[in-house]
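Colleague: turn this into a model:
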Amino acid sequence: MFKSARLGFRNWQKEDLIPFIKMNSDVELMKYFPKILSPEETKIFFKRIGAHFNENSFGLWAVDKLETNDFIGFIGFMIPGFEAYFTPCVEIGWRLKREEWNQGLASEGANRCLYFGFEKYGFSTVYSFTSISNQASERVMQKIGMEKDGEFDHPYLENGHQLSRHVIYKISADKS
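Modeller: Predicted coordinates for the structure are as follows:
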């Protein structure tokens with residue numbers, strides 16, 4: 001589909017499911033999510049990603065590291081399914097194998113996706129959010145030029161849950 005300097009973005013393939021299941025069962029990788037995902041939950045998520053592409057023509061692209069051609073996770077867009085002051089909206093998100101962290105790959109890939117989203121899909125504004133404790137993802141948001149728009153309690157998490165408080169960032173097409 002498209003590339004950045006070190007990453008290839010493509011449609012998902014059935015061969016991605018096994019490494020995706022492994023990623024979603026990694027306790028460290030999933031520490032800012034309510035829980036690790038079981039293989040069955042990952043299969044449901046995998047199908048949801050495909051359905052999102054079918055409905056919207058964009059979504060969370062499977063990402064390969066060009067140097068090795070290995071699947072390393074996803075980066076892309078989703079339309080959140082909950083109501084908040086900033087929805088409906090387009091969200092950018094990422095999840096990469098832990099072995100690929102701290103190399104600037106999330107920032108590189110998110111920047112490329114933003115360009116693609118603004119140019120090809122005509123997005124006017126893109127949002128991103130994470131638990132306030134996930135400083136690594138918040139740094140990615142800052143590195144790609146997003147600005148903090150506020151905080152909110154994620155409606156899918158119980159009040160008082162350690163991950164319920166989220167930061168929200170946004171970027172407009174004219175600032176990218």
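Colleague: which residues of the chain fall in helices?
Modeller: 17-24, 39-56, 105-120, 135-143 (DSSP state H).
Colleague: of the ones you listed, which approaches M1 most closely?
Modeller: Closest to M1 of the helices of the chain, according to Cβ to Cβ: helix 105-120, at 8.6 Å. C-beta: built from backbone N, CA, C; applies to glycine.
Colleague: what about N56, how many neighbours?
Modeller: Neighbours of N56 under the rule other Cβ atoms under 10 Å: 13.
Colleague: just the strands in the chain please.
Modeller: 2-3, 7-10, 60-65, 70-78, 91-96, 125-131, 147-153, 165-172 (DSSP state E).
Colleague: counting contacts, what elements does the third one pack onto?
Modeller: In other words, strand 60-65. Contacts defined by 3 or more Cβ pairs under 8 Å, 6 or more residues apart in numbering; DSSP states H and E place strand 60-65 against strand 7-10, strand 70-78, helix 105-120.
Colleague: I figured N111 hits S4, correct?
Modeller: Yes. Between N111 and S4 there is a contact under Cβ atoms under 8 Å: 7.4 Å.
Colleague: quick one: average confidence on stretch 128-137?
Modeller: Rounded to a whole number, the mean pLDDT of stretch 128-137 is 95.
Colleague: so what touches that stretch?
Modeller: 32, 91-94, 101, 106, 138, 141, 146, 151-152, 154, 162-170 (Cβ atoms under 8 Å, 6 or more residues apart in numbering).
Colleague: restricted to buried residues, select those residues in ChimeraX.
Modeller: In ChimeraX syntax, the buried subset of the contacts of stretch 128-137 is picked out as below (16 or more other Cβ atoms under 10 Å):
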select :32,91,92,93,94,106,138,141,146,154,163,164,165,166,167,168,169,170
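Colleague: what's the most buried one of the helices of the chain?
Modeller: helix 105-120 (a mean of 20; mean count of other Cβ atoms under 10 Å).
Colleague: packing partners for that one?
Modeller: Counting by 3+ Cβ pairs under 8 Å, 6+ apart, helix 105-120 packs on strand 2-3, strand 7-10, strand 60-65, strand 70-78, strand 91-96, strand 125-131, helix 135-143.
Colleague: thinking again about what came up before, quick one: closest of the helices of the chain to F77.
Modeller: helix 105-120 (5.9 Å).
Colleague: so how far is K14 from the residue most central in space within the chain?
Modeller: Most central in the chain under Cα atoms, centre = their mean is G93, positioned 1.8 Å from the mean C-alpha point. Plainly put, G93 is 22 Å away from K14 if you go by Cβ to Cβ, to the nearest Å.
Colleague: which one of the helices and strands packed on helix 105-120 lies nearest to I21?
Modeller: Between the helices and strands packed on helix 105-120, strand 70-78 lies closest to I21; by Cβ to Cβ that is 11.8 Å.
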